[in-house]
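> quick one: sequence plus predicted model below, questions after.
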Amino acid sequence: MIESLRSFLDRVAGARPTAEESAELAATLDRLSAGLADRQVSERERLFARLSVQGRGQSLTPQLFIDEQDAQSVTGHVTFRPYFVGGNGAAHGGTIPLLFDEALGRLANAGGRRASRTAYLTVNFRSIARIGNRLTLTARHVKEDGRKRVISGELRDGDLLVADAEGLFVELRPGQP
Ligand SMILES: CCCCCCCCCC(=O)SCCNC(=O)CCNC(=O)[C@H](O)C(C)(C)COP(=O)(O)OP(=O)(O)OC[C@H]1O[C@@H](n2cnc3c(N)ncnc32)[C@H](O)[C@@H]1OP(=O)(O)O
């Protein structure tokens, strides 16, 4: 279902429907929304935004496919689909930190470490992330100091460095949301 939603968003991003077609689509979407109105559940019960589902079952984030992961590093790949275009064939700048937050956050909380949240995330944009290209993401655990974990990451298009990032993840205290 989420994959169909992603495909639909890609098609919307790439289309220029007429006014009549837009109105027809809007009516169809309204009908679909109404069909889910009495299926609303708590966050824990939803399919959306679950770590255990490939791509987190979430249409917001570019879908990251994990190829290798251990407690110290993660390697994966991602293709920014048409929905993520910012302009002129490049992914929207906001989607790159989104991707790093997802990947670095996963690693920060992997290997039996207790849950942490992003305190800061610094991203350097080195070259455009071209829509449709398969990019490689690597991240590694750099250091740990008490509750603080530093994780770094790189996004590459072949040999070309697209972006790099560093995040500080702070372990949550018991009861901290
Ligand atoms: C159930 C969890 C599921 C997690 C799923 C994965 C999530 C993926 C990552 C995310 O996207 S989380 C969503 C985005 N992040 C947030 O919403 C976090 C909002 N901020 C907070 O909740 C708190 O500010 C935070 C937990 C990050 C830290 O607050 P605390 O009160 O726990 O820590 P404190 O302020 O005492 O700081 C602890 C240490 O970290 C340092 N620190 C905190 N924020 C910093 C910062 N921004 N820059 C540098 N250092 C920082 C701070 O100086 C201190 O250093 P020392 O121990 O050496 O004194």
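Nice, I can see it.
> can you tell me the centre-most residue of this protein?
In the chain, the C-alpha closest to the average C-alpha coordinate belongs to Thr61, at a distance of 2.9 Å (Cα atoms, centre = their mean).
> dump the residue contacts of that residue.
Contacts for Thr61 (Cβ atoms under 8 Å, 6 or more residues apart in numbering) come out as Gly55, Leu98, Leu99, Glu102. No exception for glycine: its C-beta is placed from N, CA and C like everyone else's.
> and with 6 Å instead?
The contact partners of Thr61, by Cβ atoms under 6 Å, 6 or more residues apart in numbering, come to Leu98, Glu102.
> SS state for it?
coil (DSSP: H, G, I helix; E, B strand; the rest coil).
> one more: Glu20?
Put simply, Glu20 is helix when judged by three-state DSSP.
> number the chain from 6, please
Fine by me, first position is 6 from now on; the one you just mentioned is Glu25.
> re earlier: separation between the residue nearest to the centre of the chain and Phe89?
10 Å (Cβ to Cβ, to the nearest Å).
> now do Ala96
Relative to Phe89, Ala96 is positioned 5 Å away (Cβ to Cβ).
> pLDDT on the helix or strand where Leu30 lies, on average?
Element membership of Leu30 [criterion: DSSP states H and E] is helix 24-41. Across helix 24-41, pLDDT averages out at 98.
> does the next helix or strand after that helix reach the ligand?
Heading C-terminal from helix 24-41, the first helix or strand you meet, by DSSP H and E, is strand 69-74. No - for strand 69-74, no contact with the ligand is found by Cβ under 6 Å from any ligand atom; the gap never falls below 12.5 Å.
> for strand 69-74, packing partners?
In terms of contacts (3 or more Cβ pairs under 6 Å, 6 or more residues apart in numbering; DSSP states H and E), strand 69-74 is packed against strand 78-84.
> what count of nearby residues applies to Ala170?
Residue crowding around Ala170 was assessed by other Cβ atoms under 10 Å; the count is 23.
> what about stretch 95-107, distance to the chain center?
Centroid separation for stretch 95-107 versus its chain: 7 Å, with Cα atoms, centre = their mean, to the nearest Å.
> what comes up buried for that stretch?
By neighbour count with 16 or more other Cβ atoms under 10 Å, stretch 95-107 contains the buried residues Ala95, Ala96, His97, Thr100, Ile101, Pro102, Leu103, Leu104, Phe105, Asp106, Glu107.
> ok, stretch 158-176 next?
158-161, 167-176.
> so which of these reach the ligand?
Near the ligand, judged by Cβ under 6 Å from any ligand atom, the entries from the buried residues of stretch 158-176 are Leu173, Val175.
> which of the helices or strands spans Phe174?
Applying DSSP H and E, one finds Phe174 within strand 165-176.
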